[in-house]
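> pasting the sequence and the predicted coordinates here, then a few questions.
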Amino acid sequence: MAIRFVTGNEGKVREAREYLSSTDSVEQIEYDYTEIQSDSLEEIATHGARETFEALDSDEPVIVDDTGLSVEAFGGFPGPYSAYVEDTVGVERLWRLASEEENRRARFETVLAYADEHGTETFEGTVVGTLVAPRGEGGFGYDPIFEYNGRTLAEMSTEEKNAISHRGRALAAFADWYADREA
Ligand SMILES: O=c1[nH]c(=O)c2ncn([C@@H]3O[C@H](COP(=O)(O)OP(=O)(O)OP(=O)(O)O)[C@@H](O)[C@H]3O)c2[nH]1
Ligand SMILES: [Mg+2]
């Protein structure tokens, strides 16, 4: 069955397709679900997936991905506000702010929420890395300033990024659960 990935972000879809293509087809749909104000990615994603599944007149399952970048020196900011901060402050300026800190550790977290007629399930993935001056042409969002094991996420192929990333880990947990459930 096709999984409908509810997102306006094509980078997320590319990574999900790369990961799931051997087993499931991923169809991107845009639905403007309410992104609730919460400091919990899990609550935001769960609410979005449920609302979308119920609003769409179809039995096909949906997934929603809510992702945040948490900078340790900033007390976890921007976290759930990462999209807003990318649009307002921007990636380059966030890096400049972080470059003044001794501690440049940061963490990406993705919560994938899956909704169908039986309910909602969530799958989580995280990766810890270091913020660096922008490098690399691949990926999207904050990828050029997030370094893991000597390379930024923007210096990795989609497959390489999926192997270590927050989203890749969440997709792995989802894919395991989904395969068991279909069997
Ligand atoms: O360097 C990155 N590597 C990633 O793997 C990644 N995934 C998301 N992001 C960014 O973090 C915010 C999430 O916000 P977000 O989850 O609301 O997504 P979004 O608004 O882009 O799409 P949507 O799914 O909500 O439609 C947005 O600024 C994204 O650009 C990433 N940055
Ligand atoms: Mg968003």
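Perfect, I can see it now. Not measured: the values here are computed from a predicted model. Ligands and ions are numbered 1, 2, ... in the order given.
> can you list the weak-confidence ranges in this protein?
For the chain, the stretches flagged by pLDDT under 70 are 1, 182-183.
> can you list the residues of it near ligand 1?
7-9, 12, 65-67, 69, 82-83, 86, 139-143, 146, 153, 165, 167 (C-beta under 6 Å from any ligand atom). Every residue, glycine included, has its C-beta placed from N, CA and C.
> show me which of those residues are buried.
Among those, those scoring as buried are 7, 9, 12, 65-67, 69, 82-83, 86, 139-143, 146, 153, 165, 167 (criterion: 16 or more other C-beta atoms under 10 Å).
> residue 121 in helix, strand or coil?
Following DSSP: H, G, I helix; E, B strand; the rest coil, the label given to residue 121 is strand.
> so what's it closest to, chain neighbours aside?
residue 114 (4.9 Å; C-beta to C-beta, 6 or more residues apart in numbering).
> SS state for the one you found?
Assignment for residue 114 (three-state DSSP): strand.
> so which of the buried ones among the residues of the chain next to ligand 1 are in helices?
Mapping those onto helices (DSSP state H) picks out 12, 82, 83, 86, 167.
> is the first one in contact with residue 166, as I believe?
No. Checked against C-beta atoms under 8 Å, the pair residue 12 and residue 166 is beyond contact range at 11.0 Å.
> hey, what's in contact with both of these two?
Overlap between the contact sets of residue 12 and residue 166, as judged by C-beta atoms under 8 Å, 6 or more residues apart in numbering, is given by residue 67.
> any residues touching stretch 24-33, and which ones?
Contacts to stretch 24-33, defined as C-beta under 8 Å, 6+ apart, come from residues 1-8, 10, 13, 16-17, 20, 47-49, 51-52, 55-56, 62, 64, 178.
> which residues touch residue 64?
With C-beta under 8 Å, 6+ apart, residue 64 has these contacts: 6, 7, 33, 45, 48, 49, 52, 112, 113, 115.
> turn those into JSON lines, columns for distance to residue 25.
Listed next are the contacts of residue 64 as JSON lines, based on distance: C-beta to C-beta, whole Å:
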{"residue": "6", "distance to residue 25": "15"}
{"residue": "7", "distance to residue 25": "16"}
{"residue": "33", "distance to residue 25": "22"}
{"residue": "45", "distance to residue 25": "21"}
{"residue": "48", "distance to residue 25": "21"}
{"residue": "49", "distance to residue 25": "18"}
{"residue": "52", "distance to residue 25": "18"}
{"residue": "112", "distance to residue 25": "17"}
{"residue": "113", "distance to residue 25": "19"}
{"residue": "115", "distance to residue 25": "18"}
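> ok, which stretches of the chain are helices?
Secondary structure of the chain (DSSP H): helices at 10-20, 41-55, 82-88, 91-99, 158-164, 166-182.
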